[in-house]
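Based on what follows, work out the 3D shape:
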Amino acid sequence: MLAYRILLVCTGNTCRSPMAGAILRDLLAQRAGERAGEFVVETAGIDAEPNGQAHADAIAVMREQGLDLSGHVTRRLDPEMVAQADLILTMSRAHKQAVLSMHPRAAEKTFTLLEYAHNDLENDIKDPFGKGREVYRTTAAELRRALAAVVEKLLSDPFSS
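Below is the predicted model of the structure:
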């Protein structure tokens, strides 16, 4: 069986999308059981410097949750990643527009995370970069809430939005 590919997108692929990827993998492992292998979670950044690492605060906050981001390697979003993904979740409306500019036919599978999770068309996951560890903790909690809703949707029917 082919895996269902989920692509999480932010700006630099150092904070939000790697944190979201770690949290989503963790939630799928906890809730999907044997079905967890049906999902592949990848991350990328619209403006990422390739082969960088996650921000130190992102690594530290994920470690507090028992998740390891120390081996994360940043990737710049490219059209092939967009084409291969079954579901693309962006951290902001601007990221969504960047994905659609790159690959207009991806519209039916591209959503902001909050849009897909909560039908929230107005808000974005704000960038914690440079704002201190407490803001990273707040961002991680917001990601976890939204991604829990995503997992519930995926496990009920991964092919509906």
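
can you tell me the average pLDDT over stretch 98-112?
For stretch 98-112, the mean per-residue pLDDT is 97.

State the number of residues packed around the closest residue to residue 135 other than its chain neighbours.
Nearest non-adjacent residue to residue 135, counting by Cβ to Cβ, 6 or more residues apart in numbering: residue 128, 4.4 Å away. (C-beta placed from N, C-alpha, C; glycine too.) A count of nearby residues for residue 128, using other Cβ atoms under 10 Å, gives 23.

what's the answer for residue 125, then?
Neighbour count of residue 125, defined by other Cβ under 10 Å: 23.

Just give the number of residues close to the closest residue to it other than its chain neighbours.
Distance criterion Cβ to Cβ, 6+ apart; nearest residue to residue 125, sequence neighbours excluded, is residue 91 at 4.3 Å. Other residues lying near residue 91 total 28 when counted by other Cβ under 10 Å.

thinking residue 91 is in contact with residue 18, fair?
No - using Cβ atoms under 8 Å as the test, residue 91 is too far from residue 18 to be in contact (11.0 Å).

Which residue ranges of this structure form strands?
Remark: strands assigned in the chain by DSSP state E are 4-10, 39-45, 87-90, 110-112.

Just checking: what are the partner strands of the shortest one?
Translated: strand 110-112. According to DSSP bridges, strand 110-112 forms sheet pairs with strand 87-90 (parallel).

can you tell me the average pLDDT over the partner strand?
Across strand 87-90, the average pLDDT comes to 98.

who's in contact with it?
Contacts of strand 87-90 with the rest of the structure, by Cβ atoms under 8 Å, 6 or more residues apart in numbering, involve 4-10, 20, 82, 96, 98-99, 106, 109-113, 116, 150, 154, 158, 161.

pull the CA atoms of the longest helix along the chain into CSV?
The longest helix of the chain (DSSP state H) is helix 133-156. What follows is helix 133-156 as a C-alpha-only set of coordinates in CSV (Å, rounded to 0.1, in the frame of the first residue of the first chain):
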residue,chain,number,x,y,z
ARG,A,133,11.6,29.7,24.6
GLU,A,134,8.3,30.5,26.2
VAL,A,135,6.8,31.6,22.8
TYR,A,136,8.1,28.3,21.4
ARG,A,137,6.2,26.4,24.1
THR,A,138,3.1,28.3,23.2
THR,A,139,3.6,27.6,19.6
ALA,A,140,4.2,23.9,20.3
ALA,A,141,0.9,23.7,22.3
GLU,A,142,-1.0,25.4,19.5
LEU,A,143,0.5,23.0,17.0
ARG,A,144,-0.4,20.0,19.2
ARG,A,145,-4.0,21.1,19.5
ALA,A,146,-4.4,21.6,15.7
LEU,A,147,-2.5,18.4,14.8
ALA,A,148,-4.6,16.3,17.2
ALA,A,149,-7.6,17.4,15.1
VAL,A,150,-5.7,16.6,11.9
VAL,A,151,-5.0,13.1,13.2
GLU,A,152,-8.6,12.5,14.0
LYS,A,153,-9.6,13.6,10.5
LEU,A,154,-6.9,11.4,8.9
LEU,A,155,-7.9,8.3,10.9
SER,A,156,-11.5,8.7,10.2
